[in-house]
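K.L.:
predicted coordinates and the sequence they were generated for:
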Amino acid sequence: MPPKLAVWKFASCDGCQLSLLDCEDELLTLAGEVEISHFLEASSMIAPGPYDVSLVEGSISTPADAERIRHIRRVSRRLVTIGACATAGGIQALRNYADTEEYRSVVYAKPEYVATLAGSTPISAHVPVDFELRGCPIDRSQLLEVISAYLAGRRPGIPDHPVCFECKMRGTVCVMVAHGTPCLGPVTHTGCGAICPAYGRGCYGCFGPATRPNLGSLKTWLGSIGMSRPDVDRAFATFNVAAFEEQPDDPP
Amino acid sequence: MTHRERTLRVGALARVEGQGAMYVRARDGRVEEVRLDIYEPPRFFEAFLRGRAHTEPPDITARICGICPVAYQMSACRAIEAACGVTVSEPLEALRRLLYCGEWIESHTLHIYLLHAPDFLGYPGAVEMARDHRHVVERGLALKKAGNTIMELIGGRPIHPINVRVGGFYRAPTRAELAALTGPLRRALDDALATVEWVAGFDLPDDRLDHEFLALTADVYPIEGGVPRTTGGRTFEVADFEDHIIEEQVPHSTALHARLAGGGRYLTGPLARYALNRDRLSPLARDASRAAGLGPVCRNPFQSIAVRAVEVVYAVEEALRLIEAYRPPPDPYVAVPPRAGIGRGATEAPRGVLFHRYELDPAGLIGSARIVPPTSQNQAAIEDDMRAVVQARLDLDDAALTAVCERAIRNYDPCISCATHFLDLTVERS
Amino acid sequence: MTAMTPTPYRVVTRHAETHDTVTLTLEPCDAAIAPVRPGQFTLLYAFGVGEAPISVSGTGPLLDQTVRDVGAVSHALTVAGPGQMIGVRGPLGVGWGIEETTGRDVVLAAGGIGLAPLRSALLYALEHRASYGDITLLVGARTPGDLLYAAEMADWRGRGVRVEVTVDRAHSGWDGQVGLITTLVSHLDAAPDAVAFVCGPEIMMRLTARELLARGIDDVRISLERNMRCGIGWCGHCQLGPWLLCRDGPVVPYRDAAPLLSVREL
Amino acid sequence: MPWILDGLADLHGALRADGYTVIGPTYRDGAIVLAELASADDLPYGWGVTLEPGGYRTRRREDDAAFAHSAGPQSWKPFLHPPRVKLWEGRRTEDGGFSIETEEETPPRYAFLGVRPCDLRAIGVLDHVMIGGAHPDEAYGARRTGAFIIAVNCTEPGETCFCASMGTGPRADTGYDLVLTELIGEGRFLAEVGTGAGAALLDRIPREEADEAVTEGALAEVAAAADRMGREMPEPEGLRDLLAGSLDAARWDDVASRCLTCGNCTMVCPTCFCTTVEDVTDLTGEHAERRQRWDSCFDLDFSHLPGGSVRTSGKSRYRQWLTHKLGTWHDQFGSSGCVGCGRCIVWCPVGIDLTEEVAALREEQEERRD
Ligand SMILES: Cc1cc2nc3c(=O)[nH]c(=O)nc-3n(C[C@H](O)[C@H](O)[C@H](O)COP(=O)(O)OP(=O)(O)OC[C@H]3O[C@@H](n4cnc5c(N)ncnc54)[C@H](O)[C@@H]3O)c2cc1C
Ligand code: SF4
Ligand code: SF4
Ligand code: SF4
C-alpha cells in the first residue's frame, strides 16, 4: 500500500499547492510512489483518510476553518504546513494588527455576511505541526525534499540558516554591503535559493524570520543606511508579518 | 422522473483554483436558484493596501493569486505608473509581455491538461488520466514547464516572481540568457499545436451563451494592456473602467455581481479575447483555431478549452518572437517618483481582464485600492450559464448532473483565490 | 573510494538490549575496515537515511555496535535486521588507550548508552585479564529496564569484574541500588594509579570525574559527544575548544576537558 | 632574476595555451569579483575600492592599475573548496543491499592570476586543514596541486586590511609559481619566479630583464604599503592566550547585541573550511546521494545534538568564530586561522570589526588583571 498524501487549503493564494503541480518533471513519479488521496486542486477523486502525510496550505481565519484543521490533524499521521500562510498566518495576518471590522467594511458592501475571525493565524496555533516548510511561495525542490525524506524515513534536509549563506554559496555580491540596498537576508530563513539578491534587489523576507534572528541590530543598521522607520516597519510587515512580530527584541 | 423540489449541492469543487461550491435549487421542473458559493476566506487585500508604499503592490497583490501572479503584478504596475504619470520604455514593455506569455502558457496548460481535460475523457484528475495517456500528460507537463521556464528566468521564480518592480524590472536578462529559452520554446510550439489538435477532438456538450464579451484590444493580441471593448460595441479607456463596470449586490445572491453600466452581464476571458481579437492572432494560431473548428466567435463555453489551447500556441510563438527581437534595455527600470493621484491599470490575466486602481498621496502612500479580478466579473455570467446547463439537463440524476455542472464551471477556469471580495455564504436549505 | 565512502557491512545479529536500544553485530561484505581499538567509533550509514557516529562496543573483527533510537538515523539502524546492509566508515577517533595502561587497576563508569564504548574496553581488559589489576564497572541507568548488556553482567562478574549498578528510578522487584552513580564512586576501592574511563551524559561525567579525582584517581578519561558530520576532521562541527573531537577525541583527559566543560555553550 | 612584463596578455595567453582555466579579478555587479578571465582585458583596469566595516564601493582610479583593489567579496576558496560538492551516489541493489559509486572527476586546472599575499597565505592555511592531516581531502588535493598560482604583491592596501600585523603581507613570501608587482601607471609588471613551473612559463613569453633600480623601486612600494594598512591586529602574538582566557568575557554580550549570526564572516573568510554532509534520496528511494556543502559555526544546527544544539545564543556562536579563527586554530592546525584580509569586516552586514573586538577583549583582560 503506497503512503497516502493529502493536500488541504485554507486562506491562501493557491501558490504553494501549485508548487506541487509545478514539479513537472517529478509529478508522475510522485504519483507512482504515493497515493494522492485528497488534492482538490488536482483531482476530484477523494479517498478517505487516514492520510500518511497531509500538506496544509493557508492560514486559519474563520471559525469553520479552525474546526476543519482539527479534523485534518486527526486524520493525518504527519502534518506539514506549506508556505507563509500556513506557517505564519500569511499577509492576511496584517489584519491582526488592524481593526478587522473596519477592514470588512472597506472590502465588503454587506460586511455582516462575512464570517471571519479577528485574526489570521498559522496552523500551529491550532494543532501540532510536524514540519513547517517556509516560503511565499514554498520552493519546489524543498517540497520534493520533504516528501522524499518522509518516504525514505529520514529527516528533511531543509537547512536552518539565514539567506546570506545561500547568497555566498551562489557567489552573489552582497547588495547591502556593495550597493547599500536594504536587505532582510541576514534575518530571513533560507530556502528560496537567495534569488532576490541575485536579481539585484534586497531580500524581502518571504521565507520568514530565521531561527533566532537579531532583528533589532538589523533594524538599527537599516536606519543607518537611510531607511525611515516606517519603511523599516513596512519591510517586515508583509507575508510573514506575524512571525516577525513575534520575535523577541533581545539578541539571540 | 418528476422533480417537485430538488436541491443539488456540489460541495468542494475540485480542480478549480481556490475553494468553491455550487448550490442549485429547482422546483417543479424549473431552476429557481443557482449559486456559485465562494468559501475562500476573505483576505482583505484592498484594506491592508492602504498605507503601503507605491512600490509595494506588485509584490503584495501577486499574493492574491498563485496561479496568475504576473497578471496582478502587471496590472498593479500599470495603475501605479499611471498615477505617477510615468510610461515605461518599449523594450521594458516587451519584456513584460514576454514574462506574461510565460504565465499564459503555464496557467492555460495547467488548466487544459490538469484541470479540465480529465472531464472530457472521464478521469477524476490528470494523475489518473496519465495511467492511460501518459505521453499526453507528459506533453502537457513539458508545455507547462516551458511557460514556467520563462517565468523563472525573467521573474526569478515561477510563482510570485521577484524581479518585477514598478517601472520595470530589477534586472534585465541578457540576450544569451533568453536565447537559452529558444530550444525549449520551439519544442513547446509543437506541443502547443498538438494540444489544439487534441482538445479539438473532444466531444463537446452543446451549450450557448448570449452574454456580451469584454476584453482588452490592441494592435496585437492583448496581453499586458489594451483598450477595453465589448462585443456590444462599447469601447472605453481603462481610466473610465469604473464608469462602465458596476459591481453590485443583487437580490438572492450574496456575491458581488458585475454588469455593464446601462447593460447586463458580461463575460471576460479567453472566449471574449478571442471574439474581439481573433484577427490579431498569429497566422499559425489562427490556422490552428480554424483547424480546430472554431468560428470567429465561440459562444459554446465548452469551446473555451480549445480557445485556451489556441492562445497557448499564440503565446509560445509570441515569446519566441520577443526573444528574437530582444535587446537589453539600457536600464532595467524607469524611475517612478511618487506623486498624488489616482491611477488605473488593466491587463489580460489568463482568466480575463484584471483591473486595479490606486489612489496615492504625495509621498506615494496608498489611500485606497480597488481590485476587480476576472472571476468576480464572470460570477454572474457563470451562474447564469449554470442555470441554463441545469435547466436543459434536469432529467439527469444527481451524480450525472453534478458532473456536468462541475465541468461547466471549469469552462471558466474560475480562480477563486482571486476573488478578492467575494462573500462567504451561509447556505440556506429549502 | 574516498574517506567519505562507507564500506559495506551486513547485520549478522540484532539483539534488543532495551525497549529503544539494540546491539547489531556487523560483518564485512567484502573488505573490512582497519582493526578497531577500544573506544573508537565508526560512522554507520543506513541507506537513504543518513549517517551517525556510533561507538564500537565490542572487540574483534566483527563489529558490535549498540544503538539507541533517538532520531531518524539511529531509528533506521535499530530496526535493521539480519542480512541488512549497513555502511561503515572508520575506525575513527583515538580510543580509550587501554592498551597502554597495563598493570593498573581499571575503573569504568557508565551512564546510559555510555556503557556502549566502555564495553569494548572492558572486553579488551578481560581478553588480557592478566595484564590488568582490579577491574571495576560502575553503571548508572535511568530504570532497571534501561540497563544495557544485563545478560552479560553475570559473566563479567564471573571473570572477576566488580560490577555495580544503580538506577535513578526503580520498580518493585529491583533489589539493587537506587541513586546517583557518584555514590558508587564514593565506595570505590581502587589504587590511585588506576585509570578511569567514563562515558555518559556530560553532567554525569563531570560529577563522576570530580568524585574520582577526589578519591585520588588522577588519570580520568572521558568520551565526549559532539555533532559529527564527517568524522575525519573535515567538517569542523565537533570542535570543543582546542579539539576536533573526531580527531583528537572523543576520549580526552578529564583534566584538560574540565575547564572547557564548565563554560556554557562552548 | 626579476623580469619586466609589458601587460599580461602574453602571460594569459600562455596559461590558456597550457590548458588552464584562468581565474582572476574582474568587474561585475559593482564589485571586483573572481571569475574566469577570457582574456587579460577582463582584468579590472582602473578600478579601485573604498572599504569600511559593512561597506564596499568600487571607484574609478586615475590610473589604469589592474590589481589596485584590495580583497574582494570572494576569496579563492570557492575554487579550491567549492560551496557544494557531490561526494558519491548510491543505489539500491537487487539483493536488498546498496552500491556506492564515486565519480572520477577530473579536477579543473586553474591558474589563479592575481593572488594577493594575504590570500596566498590563506591558501597555505587551507591546505594544511584540507590535506595536511590523516584524512586528506583528495578532491581538494587534486584541485590544489593542479593549480598554477600567480601572486601579486600588494601596493594598495585597503581601509580594512591588516595583513602586515598578521605577518602575511604585503609581500608574498612562498607558495606561488610567479609573483607580480604592478608598476602602477606604466601598465608593466615586475615578475619573479617561485617554482620551476613558473620559470618555464615565463621562458615562453616576451619579457625584459628588470634592472635593479626598477626592482628596488617596485619592492620599496610594496614595503611602504605595510605602513598604509587601514587596520592593525593588536598584539597578534598573544591572541591564542588572550582568547583562551576570554571565554567568559563580558564583551561577547556586547558583540552579540550587534551580530546577526548571519555567517557572512565565515563564508567570505578565505580559511573557514567548515562543511556539512547531506544524505539525500530521490522520490523513489532507490537513489541516494551524499553531498557536502559549506557550513558555518553561526548555523544553529552546526552544534546539533539529539538533546538540542550546544551553541544557541548569538554570543556563543560569535565566540566560537573568533576564538577558533584567532585562538584554537593554533592548537588544531599550528597557525592562526586569520591572514588579515579584512573581508569579514567589510562583508559583515552590520560592520563588526574583529580587530576592534580583539582590542576590547584585550582591554577587558587588562582590567580584570588590575
Ligand atoms: C563519538 C560518538 C560516539 C557515539 N556512540 C554512540 C553509540 O555507541 N550508541 C548510540 O546510540 N549513540 C552514540 N552516539 C550518539 C549518536 O551519534 C547520536 O545519537 C546520533 O547521531 C543520533 O542521530 P539521529 O540521526 O538518529 O538523530 P538526530 O538527527 O540527531 O535526532 C535526534 C533528535 O533531534 C531532533 N533533531 C534532529 N535534527 C535536529 C535539528 N536540526 N534541530 C532540532 N532538532 C533536531 C530529532 O528530531 C530527534 O528528536 C555517539 C556520538 C558520538 C559523537
Ligand atoms: S570560524 Fe567557524 S566556520 Fe570558520 S572554520 Fe572555525 S568553526 Fe568553521
Ligand atoms: S578572519 Fe577576517 S581578516 Fe582574518 S582571514 Fe578571515 S576574513 Fe580575513
Ligand atoms: S559578525 Fe557580522 S558577518 Fe559575522 S555573523 Fe555576525 S553579523 Fe554576520
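P.N.:
Nice, I can see it. In this text, all values refer to a predicted model and were calculated from it rather than measured experimentally. Ligands and ions are numbered 1, 2, ... in the order given.
K.L.:
enumerate the positions of stretch B:283-296 that are buried.
P.N.:
B:284, B:285, B:286, B:288, B:289, B:292, B:294 (16 or more other Cβ atoms under 10 Å in any protein chain shown). Glycine gets a C-beta too; all of them are placed from N, C-alpha and C.
K.L.:
now the last one: phi and psi?
P.N.:
Dihedral angles of residue B:294 (phi, psi; degrees, to the nearest 10) stand at phi -90, psi 130.
K.L.:
need the contact list for the closest residue to it other than its chain neighbours.
P.N.:
In space, and not counting its chain neighbours, residue B:294 is closest to residue B:306: 5.8 Å by Cβ to Cβ, 6 or more residues apart in numbering or on different chains. The neighbourhood of residue B:306, defined by Cβ atoms under 8 Å, 6 or more residues apart in numbering or on different chains, consists of B:196, B:199, B:200, B:202, B:289, B:292, B:293, B:294, B:298.
K.L.:
now swap in residue C:11 and tell me
P.N.:
C:24, C:25, C:26, C:80, C:81, C:82, C:83, C:84, C:85, C:86.
K.L.:
thinking again about what came up before, in strands, which of the contacts of residue B:306 appear?
P.N.:
Among the contacts of residue B:306, no member is found in strands (DSSP state E).
K.L.:
which members of those are the farthest-apart pair?
P.N.:
B:202 and B:289 (15.0 Å; Cβ to Cβ).
K.L.:
so where's the chain uncertain?
P.N.:
Since no chain was named, I'll use chain A. Along chain A, segments meeting pLDDT under 70 span A:100-101, A:103-117.
K.L.:
oops, I was thinking of chain B
P.N.:
Looking at chain B by pLDDT under 70, you get B:1-20, B:38-42, B:249-256, B:414-430.
K.L.:
mind jotting down where the strands sit in it?
P.N.:
Counting by DSSP E, the strands of chain B are B:5-10, B:20-27, B:30-38, B:164-165, B:168-169, B:212-217, B:227-230, B:245-249, B:256-260, B:266-268, B:341-349, B:352-360, B:366-372.
K.L.:
among the buried residues of stretch B:283-296, which lie within helices?
P.N.:
B:284, B:285, B:286, B:288, B:289 (DSSP state H).
K.L.:
contact residues of the stretch 101-250 of chain D facing chain C?
P.N.:
D:102, D:130, D:133, D:134, D:135, D:137, D:138, D:139, D:244, D:247, D:248 (Cβ under 8 Å from any Cβ of the partner chain).
K.L.:
the last one in helix, strand or coil?
P.N.:
To tie it back to what came earlier, the one meant is residue D:248. coil (DSSP: H, G, I helix; E, B strand; the rest coil).
K.L.:
and if you look at the third one?
P.N.:
Going by three-state DSSP, the secondary structure assigned to residue D:133 is coil.
K.L.:
point to the residue nearest the middle of the chain.
P.N.:
No chain was given, so I picked chain A. residue A:84 (2.0 Å; Cα atoms, centre = their mean).
K.L.:
wait, I meant chain D there
P.N.:
By Cα atoms, centre = their mean, the most central residue of chain D is residue D:270, 2.6 Å off.
K.L.:
can you pull the contacts of it?
P.N.:
Residue D:270 touches D:75, D:76, D:77, D:118, D:119, D:122, D:123, D:125, D:126, D:339, D:341, D:343, counting by Cβ under 8 Å, 6+ apart.
K.L.:
ok, the residues you listed vs residue D:368, which is closest?
P.N.:
Among these, residue D:339 lies closest to residue D:368 (Cβ to Cβ), at 29.2 Å.
K.L.:
follow-up on the earlier one: dump the contacts of residue B:306 into CSV; add distance to residue D:364 as well.
P.N.:
Formatted as CSV, the contacts of residue B:306 follow (distance: Cβ to Cβ, whole Å):
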residue, distance to residue D:364
B:196, 76
B:199, 76
B:200, 80
B:202, 79
B:289, 79
B:292, 80
B:293, 85
B:294, 81
B:298, 80
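K.L.:
now, which of these sits nearest residue C:228?
P.N.:
Nearest member of these to residue C:228, counting by Cβ to Cβ, is residue B:199, at 57.1 Å.
K.L.:
hmm, the closest one is touching residue B:311, no?
P.N.:
No. Residue B:199 is not in contact with residue B:311 according to Cβ atoms under 8 Å; the separation is 11.9 Å.
K.L.:
so between these two, which is more surrounded?
P.N.:
Between residue B:199 and residue B:311, counting by other Cβ atoms under 10 Å in any protein chain shown, residue B:311 is the more crowded of the two (27 against 23).
K.L.:
how much space between that one and ligand 1?
P.N.:
Distance from residue B:311 to ligand 1, counting by Cβ to the nearest ligand atom, to the nearest Å: 47 Å.
K.L.:
and that residue, what does it touch?
P.N.:
Per Cβ under 8 Å, 6+ apart, neighbours of residue B:311: B:104, B:108, B:270, B:273, B:274, B:285.
K.L.:
same question for residue D:215.
P.N.:
D:2, D:190.
K.L.:
okay, the strands of chain B, which one's buried deepest?
P.N.:
strand B:266-268 (a mean of 29; mean count of other Cβ atoms under 10 Å in any protein chain shown).
K.L.:
next one: that one to chain centre, how far?
P.N.:
From the chain centre to the centre of strand B:266-268 is a distance of 11 Å (Cα atoms, centre = their mean, to the nearest Å).
K.L.:
also stretch A:128-142?
P.N.:
With Cα atoms, centre = their mean, you get 6 Å for stretch A:128-142.
K.L.:
how deep is the residue of the stretch 101-250 of chain D at minimum distance from ligand 4 tucked in, by neighbour count?
P.N.:
Nearest to ligand 4, among the residues of the stretch 101-250 of chain D, is residue D:160, at 12.9 Å (Cβ to the nearest ligand atom). Counted with other Cβ under 10 Å, residues neighbouring residue D:160 total 26.
K.L.:
do the same with residue D:123
P.N.:
25.
K.L.:
show me what contacts it?
P.N.:
Contacts of residue D:123 by Cβ under 8 Å, 6+ apart are D:76, D:80, D:115, D:144, D:149, D:175, D:270.
K.L.:
can you count the residues close to the fifth one?
P.N.:
Other residues within reach of residue D:149, judged by other Cβ under 10 Å, total 25.
K.L.:
surely it touches residue D:116?
P.N.:
No. In this structure, residue D:149 is not within contact of residue D:116 by Cβ under 8 Å, at 11.4 Å.
K.L.:
which SS state does the residue in chain A that ligand 1 sits nearest to fall under?
P.N.:
Per Cβ to the nearest ligand atom, residue A:155 is where chain A lies closest to ligand 1, at 5.5 Å. What three-state DSSP gives for residue A:155 is coil.
K.L.:
give me the distance between it and residue C:218.
P.N.:
42 Å (Cβ to Cβ, to the nearest Å).
K.L.:
please apply the same query to residue D:349.
P.N.:
Taking Cβ to Cβ, one finds residue D:349 at 49 Å from residue C:218.
K.L.:
these two: who's more crowded?
P.N.:
Neighbours per residue (other Cβ under 10 Å) separate residue D:349 from residue C:218, with residue D:349 holding more: 26 against 14.
K.L.:
what helix or strand is that one on?
P.N.:
Assigned by DSSP states H and E, residue D:349 belongs to no helix or strand.
K.L.:
not counting sequence-adjacent ones, nearest residue to it?
P.N.:
Going by Cβ to Cβ, 6+ apart, residue D:349 has residue A:186 as its nearest residue, at 5.0 Å.
K.L.:
number of nearby residues for that neighbour?
P.N.:
Neighbour tally, residue A:186, other Cβ under 10 Å: 28.
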